[in-house]
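**Student:** sequence and predicted model, in that order:
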Amino acid sequence: TARVRVHHLQQAKERGERWAMLTAYDTSSATVFEEAGIPVMLVGDSSGNVVLGHASTVPVTVEDLLLMTRAVTRSTTRSLIVADLPFGSYEASPEQAFGTAVRMMKEGGAQAVKLEGGERVAPQIRLLHDSGIPVMAHIGFTPQSEHALGGFRVQGRGAGADRLLADAHAVQDAGAFAVVLEMVPAELAAKVTAELAIPTIGIGAGPHCDAQVLVWPDMAGLTGGRVPRFVKKYADLRGELLRAAREYADEVRNGTFPGPEHSFE
Ligand code: KIV
Ligand code: NA
């Protein structure tokens, strides 16, 4: 089967079929998620937190994401791979966004890019779209702006609802093929989903979006410490890996590993 394309996601919305997106940063995660039939993977700057050990997505560089994007695109043939544009690599102008997006496509092998913001990045989305680069938008809570937004907070409450709706329409009108809604009240996300022709992808945005996305180490229970309320843990990989690492170390110490079956005559 050929790779998923953006028009397939549009058709899914028209047929009322929901789909799941996951982040992926390397070959092991990407190959598993493709085998699981995940149609879209995001090489997200959430890697700043979950792979690179930063406290936020702000320090993530284009080079960081290019390295991971190459790993994921090399490892997949069917899932559509979206590369995030990191903080500072697209905001200044449409031309800056174009330069970064082209690198993600040519050097990274991505089939689409994602950037954060609504009306303020509409000119960027327009130029990329007109240049043949599929763009996924991201509105609501946008982690690259956490310092301006005052931390992790639900967006679009009260008077913010009109702002969010305007942003959703602005990114669609500029040519985005889909839009991530992060930490938006469920009712508002339902309204955006009904009003827009393009798919909405929710994260902390309730059940009425056309699609959902989660950061994979969060949903697989690999992330240490607290995870946001919107995360459902589908596994306890941290517990399992901890057990495996301890057992391995014990067996080395007590001499049971390696056994004869792991050794050469
Ligand atoms: O970087 C990321 O993982 C994201 C998703 C949470 C949408 O932007
Ligand atoms: Na991101």
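**Tutor:** Received it, and whenever you're ready, just let me know what you need. Numbers count the residues shown, from 1 in each chain. Ligands and ions are numbered 1, 2, ... in the order given.
**Student:** report the central residue of the chain.
**Tutor:** Leu42 (3.8 Å; Cα atoms, centre = their mean).
**Student:** quick one: which helix or strand includes that one?
**Tutor:** Per DSSP states H and E: Leu42 is located in strand 40-43.
**Student:** residues in contact with the helix or strand just after that strand?
**Tutor:** Sequence-wise, the next helix or strand downstream of strand 40-43 (DSSP H and E) is helix 47-50. Helix 47-50 is contacted from outside by 23, 25, 54-60, 64-65, 68, 215, 217-218, 222-223, using Cβ atoms under 8 Å, 6 or more residues apart in numbering. For glycine as for every other residue, the C-beta is placed from the backbone atoms N, C-alpha and C.
**Student:** of those residues, which belong to strands?
**Tutor:** Judged by DSSP state E, the subset of the contacts of helix 47-50 located in strands is Thr23.
**Student:** restrict the contacts of helix 47-50 to contacts with ligand 1.
**Tutor:** Among the contacts of helix 47-50, the ones lying near ligand 1 by Cβ under 6 Å from any ligand atom are 23, 215.
**Student:** buried among the contacts of helix 47-50? Make that a PyMOL selection.
**Tutor:** Buried members of the contacts of helix 47-50, defined by 16 or more other Cβ atoms under 10 Å, are picked up in PyMOL with:
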select buried, resi 23+25+57+58+60+64+65+68+215+217+218+222+223
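**Student:** related to what we said a few turns ago, just checking, what packs against the strand holding Leu42?
**Tutor:** Judged by 3 or more Cβ pairs under 8 Å, 6 or more residues apart in numbering; DSSP states H and E, strand 40-43 is in contact with strand 19-23, helix 27-35, helix 62-74, strand 80-84.
**Student:** buried ones in the helix ranked longest in the chain?
**Tutor:** Ranked by residue count, the top helix of the chain under DSSP state H comes out as helix 237-254. For helix 237-254, the neighbour count (16+ other Cβ under 10 Å) marks 237-238 as buried.
**Student:** residues in contact with it?
**Tutor:** 217, 220-224, 257.
**Student:** tell me the least confident of those?
**Tutor:** Least confident entry in the contacts of helix 237-254, by pLDDT: Gly224, with 90.
**Student:** report how many residues lie close to that one.
**Tutor:** 10 (other Cβ atoms under 10 Å).
**Student:** contact partners for it?
**Tutor:** Arg238.
**Student:** distance of it relative to Gly239?
**Tutor:** Separation of Gly224 from Gly239 (Cβ to Cβ, to the nearest Å): 11 Å.
**Student:** quick one, which of the helices and strands packed on strand 40-43 is nearest to ligand 2?
**Tutor:** For those, proximity to ligand 2 was assessed by Cβ to the ion; strand 80-84 is nearest, at 4.5 Å.
**Student:** and the angle for that closest one with helix 62-74?
**Tutor:** 170 degrees (axes from the mean of the first three to the mean of the last three Cα atoms, to 10 degrees).
**Student:** what angle do strand 80-84 and helix 27-35 make?
**Tutor:** Using the same axes, to 10 degrees: strand 80-84 against helix 27-35 is 140 degrees.
**Student:** need the next SSE after strand 80-84, C-terminal direction.
**Tutor:** Following strand 80-84 in sequence, per DSSP H and E, is helix 94-106.
**Student:** next, format the contacts of helix 237-254 as a markdown table and append distance to Leu181.
**Tutor:** Compiled in a markdown table, those are given as follows (distance: Cβ to Cβ, whole Å):
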| residue | distance to Leu181 |
| --- | --- |
| Pro217 | 21 |
| Ala220 | 23 |
| Gly221 | 24 |
| Leu222 | 25 |
| Thr223 | 22 |
| Gly224 | 27 |
| Phe257 | 48 |
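**Student:** of the residues you listed, closest to Ala148?
**Tutor:** Distance ranking of these against Ala148, using Cβ to Cβ, places Thr223 first at 24.7 Å.
**Student:** wait, isn't that closest one in contact with Leu214?
**Tutor:** No - look at Thr223 against Leu214 with Cβ atoms under 8 Å: they stay out of range, at 10.8 Å.
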